[in-house]
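In: Let's see this in three dimensions:
(chains A and B)
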2 protein chains.
Amino acid sequence: MTASPASTLGIDLGGTYARAAVVDAAGAILSSAKSALEDRSPPSVVESVSLAVDEALAGAPGVEVGGCGVGAAAQLRGRTGHVLVAPNLGWREVPLGALLSGRLQRSVVVVNDLSAAAWGELKAGAARGERDVFVVFVGSGVGSAIIANGQLVHGATGVAGELGHTKVVPGGRRCGCGEQGCLEAYAGGRNLILQMNEAVAEHRGGRLLELAGGDPSRLSPAVLEQAAKEGNPAAKEIYERAAGYLGLASANMVTVLNPALLLLGGGVLAHAPGLFRSVEEAVAQLSSWVSRQELKVLPAALGDEAGIIGAALLAREG
Amino acid sequence: MTASPASTLGIDLGGTYARAAVVDAAGAILSSAKSALEDRSPPSVVESVSLAVDEALAGAPGVEVGGCGVGAAAQLRGRTGHVLVAPNLGWREVPLGALLSGRLQRSVVVVNDLSAAAWGELKAGAARGERDVFVVFVGSGVGSAIIANGQLVHGATGVAGELGHTKVVPGGRRCGCGEQGCLEAYAGGRNLILQMNEAVAEHRGGRLLELAGGDPSRLSPAVLEQAAKEGNPAAKEIYERAAGYLGLASANMVTVLNPALLLLGGGVLAHAPGLFRSVEEAVAQLSSWVSRQELKVLPAALGDEAGIIGAALLAREG
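Out: Residues are numbered from 1 along each chain as shown, chains lettered A, B, ... in the order given. Below is the predicted model of the structure:
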């Protein structure tokens, strides 16, 4: 790897597919490819990644490509790429970084998917030029990433940023993580839908199912927001509770971290704009006055590409 | 200033006095002096600091002394030493760093008192050798400091760490900062005493005043803890609420920051050991499982000296 290659590889490793992209120094995707993960055993996933990488490289002929950055939906130890747990892949204790660098014959850094996305937004998206950023992602889960002094905060064991598992109701609603009362159990997309289904099953749903065309599989955060606006009591309860906890948690992190920018991303916030606004309002009301003097609140700009771009740009950091 | 002087100056600037100390590279205080602040106008405070510095220097003859670090009970902009607000001094917008470096003819860095104390603990106290530390101080107020990747997190405008002003009850109890429902309004030492006095005034105090020898001015966090243990209902309510909010806030910060060490300091935690234990227990129960796998919880080691030692050691960082 040269000191400053024209481009680097970014890999987005989810639970059902791997994507690879050749990304230039400015964060532009020159070429990308996707490979389904049929078998989730580590050797097989490494093979799928390698296929996607080959295809992405073939799509950018003649481009000098340096190291490789991976954003994985996983809890990792440090940046060596040791996966502690990747629930979507069913992995525990997998030396992903070593396996990949062996197979790809490139230097590999691995970070979790939210850190990669935050880095993408920092270097090529809505957070460009900032040094202190707090990023909240509300998708199927709730996550966050901290950039302080221009650096990602990984934490002592690499799992910093778990805003979704801060407790908002000690002893409260059971979360997918096995603990109780987590923010994610109230405000994550998966749990919003779960709570809507519970309301329907318990005949508290009113027109909720109708708004989803009578099809429970179409219950979504967007449907929830619409139903709450229309005054559906069950929807209002679920929605306002989610908005309240999400807003308070975000406001309190602004108070403690004093970021220049609060960046809000993830599919739920993109498809439920009222939720985005209510977080914005909560932060304006509940963060400490001194901490928000120069605070900006912005939507993430790179959408689903943030992670792969960020992973590739992290490979430049050495 | 040489690259690595034998010692540096540390200054602890409170609301009623300035202390100066000559501190060696290992964080040992070689000499110190204190000067009362009779007049709190900036020129007069600079004069008092200068007197304390001269006396401290005279107490360490022949020692090479480099730059100067100041820990001030103030909100600051960056590290240039521009004070935005220092409530205890009645200051707004005072260029303290420039005034002091002009008077002392030394390079001066200024940080807030809690950052200075956290740095002292990191370099010469209970957090030695760590890179990711969250420090919670419960004294008359509640504050915190974040060390991530071995660096202090100052935030975008220099006011990171205000854990005491995170909201635990939106719209709740009025805080000294003017906002409502802050953690400090329930759990800071000043507010613990205020709440005891309120209980006594409203005849809800039971034996509370008796435990303070009948003297309201002797109501203290230690008295509160004793009364709560004895089952005094008002004391239990105040105490358990404080412990609950303090524990939850600390646990949630552990979840988000994933520090190697949670350091608990300040006079209230030192004099109300049950409160220390209850924070420890809350963190064990309420922080996310993955974030606390290697977490240590320790009391701060340097007490009131942490700030002056940390300020002096920060002056080495350039």
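
In: Who is A:Ile146 paired with across the strands?
Out: A:Phe134 (DSSP bridges).

In: Name the spans of chain A whose pLDDT lies under the cut-off.
Out: Flagging of chain A using pLDDT under 70 yields the residue ranges A:1-3, A:79, A:318.

In: Do a quick rundown of the strands in it.
Out: For chain A, strands defined by DSSP state E occupy the ranges A:7-13, A:17-24, A:29-36, A:65-72, A:75-77, A:82-86, A:91-94, A:108-112, A:133-138, A:142-148, A:151-152, A:261-265, A:296-299.

In: how about these in CSV, adding mean neighbour count?
Out: Every C-beta, even on glycine, is put in place using the N, C-alpha and C of the backbone. CSV is the format used below for the strands of chain A (neighbours: other C-beta atoms under 10 Å in any protein chain shown):
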stretch, mean neighbour count
strand A:7-13, 28
strand A:17-24, 24
strand A:29-36, 17
strand A:65-72, 27
strand A:75-77, 21
strand A:82-86, 19
strand A:91-94, 15
strand A:108-112, 26
strand A:133-138, 28
strand A:142-148, 27
strand A:151-152, 21
strand A:261-265, 26
strand A:296-299, 17
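
In: In the stretch 201-318 of chain A, which residue sits nearest chain B?
Out: Using C-beta to the nearest C-beta, A:Asn258 is the residue of the stretch 201-318 of chain A that sits closest to chain B, at 2.6 Å.

In: Tell me the spacing between that residue and B:Thr255.
Out: Going from A:Asn258 to B:Thr255 by C-beta to C-beta, to the nearest Å gives 19 Å.

In: what do you get for A:Gly81?
Out: 23 Å.

In: what about the two, which has more around it?
Out: B:Thr255 (29 against 22; other C-beta atoms under 10 Å in any protein chain shown).

In: So the more buried one sits against A:Val168, correct?
Out: No. Counting by C-beta atoms under 8 Å, B:Thr255 sits too far from A:Val168 to count as a contact (11.3 Å).

In: Quick check on A:Ala160: phi, psi?
Out: The phi and psi torsions at A:Ala160 (degrees, to the nearest 10) take the values phi -60, psi 160.

In: Number of residues surrounding it?
Out: Applying other C-beta under 10 Å, I find that A:Ala160 has 25 neighbouring residues.

In: Who are the contact partners of the closest residue to it other than its chain neighbours?
Out: Spatially, and ignoring its direct neighbours in sequence, A:Ala160 is nearest to B:Asn258 (4.1 Å; C-beta to C-beta, 6 or more residues apart in numbering or on different chains). When contacts are counted by C-beta atoms under 8 Å, 6 or more residues apart in numbering or on different chains, B:Asn258 touches A:His154, A:Gly155, A:Ala156, A:Thr157, A:Gly158, A:Val159, A:Ala160, A:Gly161, A:Glu162, B:Asp132, B:Val290, B:Ser291.

In: if you set the cut-off to 7 Å instead, what comes out?
Out: Neighbour list for B:Asn258: A:Gly155, A:Ala156, A:Thr157, A:Val159, A:Ala160, B:Asp132, B:Ser291 [criterion: C-beta atoms under 7 Å, 6 or more residues apart in numbering or on different chains].

In: Now it: phi and psi?
Out: Residue torsions, per degrees, to the nearest 10, at B:Asn258 are phi 50, psi 50.

In: Would you mind naming what in chain A lies close to chain B?
Out: A:75, A:132, A:144, A:148-149, A:151, A:153, A:155-157, A:159-163, A:165-167, A:170, A:177, A:179, A:248, A:251-253, A:255-260, A:286, A:288-291, A:293-294 (C-beta under 7 Å from any C-beta of the partner chain).

In: Next step: these restricted to helices.
Out: Within the residues of chain A next to chain B, residues falling in helices by DSSP state H are A:Leu248, A:Ala251, A:Asn252, A:Met253, A:Thr255, A:Val256, A:Leu257, A:Leu286.

In: need those in a markdown table with distance to A:Glu93, can you?
Out: Shown next, in a markdown table, are those (distance: C-beta to C-beta, whole Å):
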| residue | distance to A:Glu93 |
| --- | --- |
| A:Leu248 | 36 |
| A:Ala251 | 37 |
| A:Asn252 | 34 |
| A:Met253 | 31 |
| A:Thr255 | 37 |
| A:Val256 | 32 |
| A:Leu257 | 31 |
| A:Leu286 | 40 |
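
In: Go through the residues you listed and say which is closest to B:Ala222.
Out: Nearest to B:Ala222 out of these is A:Val256 (C-beta to C-beta; 27.9 Å).

In: Give me the distance between the closest residue to that closest one other than its chain neighbours and B:Glu184.
Out: Among residues not flanking A:Val256 along the chain, B:Leu163 sits closest, at 5.6 Å (C-beta to C-beta, 6+ apart). The spacing between B:Leu163 and B:Glu184, counted by C-beta to C-beta, is 8 Å.

In: now A:Pro42
Out: 49 Å.

In: Could you do A:Leu122 as well?
Out: From A:Leu122 over to B:Glu184 the distance is 32 Å, taken as C-beta to C-beta.

In: Check A:Ala118 too.
Out: 30 Å.

In: So those two - more neighbours on which side?
Out: Using other C-beta under 10 Å as the criterion, A:Ala118 and B:Glu184 rank with A:Ala118 on top: 33 against 27.

In: Contact partners for the more buried one?
Out: Here A:Ala118 is in contact with A:Val135, A:Ala145, A:Ile147, A:Leu152, A:Gly310 (criterion: C-beta under 7 Å, 6+ apart).

In: Wait, the first one touches A:Gly266, no?
Out: No. Counting by C-beta atoms under 7 Å, no contact exists between A:Val135 and A:Gly266, whose distance comes to 9.5 Å.
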